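# coordinates only, sequence not included:
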RNA sequence: CGCGGGGUGGAGCAGUUUGGCAGCUCGUCGGGCUCAUAACCCGGAGGUCGGGGGUUCAAGUCCCUCCCCCGCAA
């Protein structure tokens, strides 16, 4: 098939790579425009752009594809469009261009976790499993008919970054299987059950503010689910202490109480219900490190309240 | 030239304000204690203080410059 790919971040790269390796023809790639990024505000191409250029595939970066990408897309004459975390909403006009429609690789077990941050929200909400779903795109946001799914367990200390990486590879495999079945003509479309759907908001920095009055389960989800961005954090000495990874722990105390703080025994903090063990931490100006290492150079007295 | 923090034995940090013997919590090596230990006691090794240049009797500390890391903002 002649395919146009649309995607932007790392998550989309494995899917694009699989398409490139496959017998399909990748006629073009749409991705977000280069954005100023990092220190010095350097203009940075998206991971998908880098991948496409390396493969010699034409790249299109309209500010809004609905407005100024339509003719480029039409001229590529795709049989099918494939999207993965593209970051722009497709209009009906665009969806009508490929005769076989548009397939999206979404990083959740739909209909749960629609929206742009499904993986983080799965961890945030304490889900035991996460997954990827391939679906036919329609006018709504992640509302189209589902095609295939793959599921995986969420580790109790797994962070969003790690899960994203795993799901991106699973998504690429699932995409290839979806295309295979599509060509064979035995792909079933499964409508989403609207009663079970959830739509999750984009992540913001405010979500990183830790409230130890919440349950240990919720705090742990917040710490792991918001890593690597925006990260859970608490005020600490002229800055913020980022809590990057957490595990369940025994113990109880007043919310925020330091139950254990020792270079050998680690750091355990009391929550509204239960406690969490903090495994990775980042001080202002410092690198991320194991909490045990952090405690060799910083004093957090046991019994104090954060 | 977007704003700011940082680089000190193997790890994590203090010391820089006010130049004057290289320090802390660990790790590591050797010995001791113990039924035993990530415990405790005794002793030791290990540092071009990110690189280069300058000021000074004397620089981790002050000045210039380069490199690298991190956060914010986008």
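Sure, I can see it. Because the structure is a prediction, the values reported are computed rather than measured. Numbers count the residues shown, from 1 in each chain, chains lettered A, B, ... in the order given.
# quick one: buried residues of stretch A:255-268?
For stretch A:255-268, the neighbour count (16 or more other Cβ atoms under 10 Å) marks A:255, A:256, A:257, A:258, A:259, A:260, A:261, A:266, A:267, A:268 as buried. In this view, the C-beta of every residue, glycine as well, is placed from N, C-alpha and C.
# domain parsing of chain A, as residue ranges.
The record assigns chain A these domain ranges, following automatic domain parsing: A:2-196, A:205-297.
# ok, and of the buried residues of stretch A:255-268, which contact RNA strand B?
When contact is defined as Cβ under 7 Å from any atom of the strand, those do not meet RNA strand B at all.
# can you tell me which of the residues you listed are in strands?
Among the buried residues of stretch A:255-268, the members falling in strands (DSSP state E) are A:258, A:259, A:260, A:261, A:266, A:267, A:268.
# what's across from the fourth one in the sheet?
Each beta-bridge partner of residue A:261 is listed here, defined by DSSP bridges: residue A:267.
# rewinding a little: got CSV for the buried residues of stretch A:255-268, with distance to residue A:164 and pLDDT too?
As requested, these are exported to CSV (distance: Cβ to Cβ, whole Å; pLDDT from 0 to 100):
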residue, distance to residue A:164, pLDDT
A:255, 30, 95
A:256, 29, 93
A:257, 33, 93
A:258, 31, 93
A:259, 31, 92
A:260, 31, 91
A:261, 31, 90
A:266, 26, 90
A:267, 26, 93
A:268, 28, 94
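# out of those residues, what pair is the most spread apart?
The largest separation in the buried residues of stretch A:255-268, counting by Cβ to Cβ, is between A:255 and A:266 at 19.1 Å.
# what does chain A put close to RNA strand B?
When proximity is defined by Cβ under 7 Å from any atom of the strand, chain A lies next to RNA strand B at A:35-41, A:205, A:230-231, A:239, A:263-264, A:282-289, A:293-298.
# from those residues, which land in strands?
A:35, A:36, A:37, A:239, A:282, A:288, A:289.
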